[in-house]
Every structure is written in C-alpha cells, then in structure tokens.
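[1] what's the 3D shape of this:
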Amino acid sequence: MSSRHFTAPAAAVFAAAMAIGCGTAPGRAGSTSDPSADVVLIEPAPPLRSVPDSTLRVAAGAGAVCFNESTTDCNQPGTTLSASSAWVDPEPPSGFSQCAGFINTDGDDVSAGFLDGCLGATSLRIRVFSRKSGLEEDIVVVGTTRFEAWPNFNYLSGELSQEKRTNWGDTTFFTTTDGRDACMNAAAPGGTTFGSGNKGVAVIAGANTGADEYRINCEGPPLPGRRIGLYRRNDAVRVRAVPADD
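    Next up is the predicted model:
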C-alpha cells in the first residue's frame, strides 16, 4: 500500500486513563505528522486473553457476501433492530469479508453487540460512505490481537494504514465496553464502542439511539446517513462442524 503506516503502542488500561482524563496526551499511540492531535495514551497493560485457535473459522461459503454467510445482514443475529438499517457492501475490499455494518439513520439501527462477528480477527478494516461524498473512511489495521471479547479502554494493537480518512482518528482501533469514549464521556448508555482513541473524531456506539450510533466522540455531533462497514481479513475464520458420515 502506498499510504502512511503507523505502529500502535501496547494496549492501554482503563485505571491509568482515569488518572490522566481527556485532553492533550503526554505522548502518542503511534507516530503522525500532526504533533498537536489529541490522543489518549496510557501505561501499557499485561496482554489480554486472546482467542484460541480452535475458535477460528474458514472463509464464508461460495457466493456469500458477509462473514456470517448472509447476503442481507452482516451483523450478529438479533442485533440489527430495523431491516432497513442493515447494510451489505456491494463491493467489499479484496481479501476481506464484511463482519458488521449498518446505515446510520435517525432511528434505532443496531444494538451494542452488532460487531461481535469481527472478534477473533488478526486484521480489521473500517469503511464509511456518505451519500454526498462517497467513501469517507478506509482504515486498515494489520496484526491486531485476536480477542475473544472486546477490551475495555484499550487499543487492539497492529499496524495502521490510512487509505482514506475524513472523520476517523489516526491511531489503531480502540474499544470500550461501558459505552464511554476516549474522553470517558458517555457515547452510549453502555455496551461496546469502537473508535481510534483520539479526541474529537468518529466513534461507533451501537447501544446509542438515533444518529448518535455513529458520531464524533467527546460530546461531538452525530454523523447521520453514513453507511458503515467493518471487515476482517479472510485468513482467520472458524471451521463449521461437519457430521462424521458426510
């Protein structure tokens, strides 16, 4: 890829974050040409438990679009709250399978666990499209830790490549599990948030309502009308059980 690359730091811990709060961090999670950007950077934590190899699975069957083998809804079962909010990328990036996605409408689109089909991946990607300008975000992180549950207030590690960036941050992916964003403000009543750990940039907060399910973090505005897709590389997938007599 011809774009810039960054290397993420060790995963951060929530307790240390409470001590520094939000604002201009004393250091950076990865390097960038903009030293004035606000980034949450906290002390490294012991490694979180990663997904055992036995839970990985092979790529979706022939003809399937989503990682879950659906052609209509890439999210975890029961987490898409309106059929009209489901979004399947008609042209997913080569080498990746879509593991979650939705249209950020003014209604309640998804619940917090909609992106759990992306767990266990070693490479993750997010693409966001707007109705007016087309592709807004195309962020790839290779070499992420294979988590069986999203970490709380931690980076997912890996090497960052920015194919296109408009509202997204410039560090590797960062998740919380209590609805708070990188500034420790409530981006949602609870549940997983998925962002970059930067201040004043886009964050996904599926447990919120209305257009606040995709918004600018740290009390920023919603980003309505976007089509949001999360993808995992096709080299880490779970083998379906096959009857012995097949």
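[2] following the worst-scoring helix or strand of the chain on mean pLDDT, which helix or strand comes up?
    The weakest-scoring helix or strand in the chain, judged by mean pLDDT, DSSP states H and E, is helix 14-20 (a mean of 40). Next helix or strand after helix 14-20 toward the C-terminus (DSSP states H and E): strand 96-103.
[3] for that next one, packing partners?
    Helices and strands touching strand 96-103, by 3 or more C-beta pairs under 8 Å, 6 or more residues apart in numbering; DSSP states H and E, are strand 227-233. To be clear about C-beta, it is placed using only N, CA and C from the backbone, and glycine gets the same treatment.
[4] same for the strand it packs on, what does it pack against?
    strand 96-103, strand 123-130.
[5] Each with direction, which strands does the last one pair with?
    On the basis of DSSP bridges, the sheet neighbours of strand 123-130 come out as strand 134-142 (antiparallel), strand 227-233 (antiparallel).
[6] and it with strand 96-103, angle?
    Angle of strand 123-130 versus strand 96-103, following axes from the mean of the first three to the mean of the last three C-alpha atoms, to 10 degrees, is 40 degrees.
[7] which residues touch strand 123-130?
    Around strand 123-130, the neighbours that count as contacts under C-beta atoms under 8 Å, 6 or more residues apart in numbering are 89, 93, 96, 118, 135-144, 156, 158, 166-168, 173, 194, 202, 214, 225-233, 235-236.
[8] about what we covered before: just name the most buried of the helices and strands packed on strand 227-233.
    Of the helices and strands packed on strand 227-233, the one with the most neighbours on average (mean count of other C-beta atoms under 10 Å) is strand 96-103, at a mean of 25.
[9] Return that strand as PDB; C-alpha atoms alone will do.
    Below are the C-alpha coordinates for strand 96-103, written out as PDB (Å, rounded to 0.1, in the frame of the first residue of the first chain):
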ATOM      1  CA  PHE A  96     -11.700  -9.100   3.400                       C
ATOM      2  CA  SER A  97     -15.100 -10.300   4.500                       C
ATOM      3  CA  GLN A  98     -17.700  -7.900   6.000                       C
ATOM      4  CA  CYS A  99     -18.400  -8.800   9.600                       C
ATOM      5  CA  ALA A 100     -20.700  -6.000  10.600                       C
ATOM      6  CA  GLY A 101     -22.400  -3.000   9.000                       C
ATOM      7  CA  PHE A 102     -25.400  -0.600   9.200                       C
ATOM      8  CA  ILE A 103     -26.900   2.600   7.900                       C
END
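[10] Of all the strands paired with strand 123-130, which one is nearest residue 101?
    Closest to residue 101 of these is strand 227-233 (C-beta to C-beta; 4.2 Å).
[11] re the thing from before, ranking the strands paired with strand 123-130 by burial, who's on top?
    Neighbour counts (mean count of other C-beta under 10 Å) averaged over each of the strands paired with strand 123-130 peak at strand 227-233, with a mean of 24.
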